[in-house]
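Student: Fold the following.
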Amino acid sequence: MRQKAAFKDSNLEYARETVGEYLGNRWLVGAFPMCVTEELENSSFAFVSLDCDLHDPIAAGLEFFFPRLSPGGMIFVHDYSSGHWPGAKTAVDEFVRKVGVFGVLLPDKSGTYALAKPAISD
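Tutor: This is a model prediction of the structure:
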């Protein structure tokens with residue numbers, strides 16, 4: 001698959017240099033979800049950014065992180081409407097239909113989809 005070949009030169013050092021170091025960053029090396037650690041499985045999250053481009057890792061990321069998302073927490077999925085990575089849109093559309101939640105499309109360059117977990121109401 002040509003799109004998967006686009007990631008053959010990815011590496012942790014380049015990702016760290018590009019994103020930068022921030023308190024709370026967790027760096028996982030490898031394909032998702034095979035790279036998930038026990039610590040990650042037992043964690044909760046307020047914000048998750050998925051920029052996997054391909055359908056299967058985005059679908060797996062949504063399935064993994066949404067149940068661990070704090071009420072009111074958010075997941076951003078990059079490239080939802082980029083047109084270059086159609087798997088991103090398909091994975092999100094399948095997930096929101098299945099779970100019954102909805103988000104909004106942000107007006108950025110690659111059409112990021114912002115999905116919020118409903119907050120607990122009184």
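
Student: Can you spell out which helices and strands pack onto the lengthiest helix in the chain?
Tutor: As assigned by DSSP state H, the longest helix anywhere in the chain is helix 86-99. In terms of contacts (3 or more Cβ pairs under 8 Å, 6 or more residues apart in numbering; DSSP states H and E), helix 86-99 is packed against helix 55-65, strand 69-77, strand 113-116. C-beta: built from backbone N, CA, C; applies to glycine.

Student: Okay, buried residues for the first one please.
Tutor: To tie it back to what came earlier, the one meant is helix 55-65. For helix 55-65, burial by neighbour count (16 or more other Cβ atoms under 10 Å) applies to 55, 57-62, 64-65.

Student: Just the local confidence number for the residue nearest to the spatial centre of the chain, please.
Tutor: Taking Cα atoms, centre = their mean, the centroid of the chain lies closest to residue 50, which sits 1.9 Å from it. At residue 50, the model reports a pLDDT of 91.

Student: do the same with residue 103
Tutor: Here the pLDDT value assigned to residue 103 is 93.

Student: Ignoring the adjacent residues along the chain, who's closest to it?
Tutor: residue 115 (3.7 Å; Cβ to Cβ, 6 or more residues apart in numbering).

Student: Quick check: that neighbour touching residue 99?
Tutor: No. The pair residue 115 and residue 99 fails to qualify as a contact (Cβ atoms under 8 Å) at a distance of 9.1 Å.
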